[in-house]
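> sharing a model that was predicted from the sequence below.
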Amino acid sequence: MDAARRRAQLHRQHVADAGRAYDTFLADVATPVMRQLAGALKAEGYAFSVFTPGGSLRLASDTARDDFVELTLDTTADVPQVLGRVRYARGSRTVDEERALKPGASPDAISDEDVLEFLLTALEPWLER
């Protein structure tokens, strides 16, 4: 039981550390990149807006309310990590994808280039149309 308590306490500490690093990551890295990309998309005729709902960051389509790319912190894994979630509709079918932004990396190890690479890949379904 002591080992389980120590593991739980260690996990809680990792989650708290990752939460602080994630807040900094959102403010200093992800939000500026996403806002700049949203501006570039609008200039090219793709209407997207940036939102910050409850500890996440979302780039949402202005034309289809359920189409978005979102960044969140997954604290359920052994090592907390930033997840990217993509949702878009294709006809009557809704596609949901979820993957680590940079597998195994803590939020403070993710660069603006990593965020941009993820976003460009995630936006392909909209850019193909």
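Cool, the structure landed. Worth saying up front: this structure is predicted, and the values here are computed from it rather than measured.
> all strands of the chain, in order?
48-51, 57-61, 68-74, 81-90, 93-100 (DSSP state E).
> between these, which gets nearest to Ala4?
Closest approach to Ala4 among the strands of the chain is made by strand 68-74 (21.8 Å; C-beta to C-beta). Where you see a C-beta, it was placed from the backbone N, CA and C, and this is true even at glycine.
> residues of stretch 52-65 that come out buried?
Ser56, Leu57, Arg58, Leu59, Ala60, Ser61 (16 or more other C-beta atoms under 10 Å).
> residues making contact with it?
With contact meaning C-beta atoms under 8 Å, 6 or more residues apart in numbering, stretch 52-65 is reached by 22, 26, 30-31, 34, 37-38, 47-51, 67-73, 88-89, 119, 123, 126.
> let's go with 6 Å and repeat that
Identification of contacts with stretch 52-65 by C-beta atoms under 6 Å, 6 or more residues apart in numbering yields 26, 30, 34, 47-51, 67-72.
> would you list these in TSV and tack on neighbour count, pLDDT and distance to Met1?
Below are these laid out as TSV (neighbours: other C-beta atoms under 10 Å; pLDDT from 0 to 100; distance: C-beta to C-beta, whole Å):
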residue	neighbour count	pLDDT	distance to Met1
Leu26	21	95	37
Ala30	26	96	40
Met34	23	97	44
Ala47	12	93	55
Phe48	22	95	50
Ser49	14	95	50
Val50	16	96	46
Phe51	12	93	44
Asp67	19	93	48
Phe68	18	95	43
Val69	25	96	43
Glu70	18	96	38
Leu71	26	96	37
Thr72	20	95	32
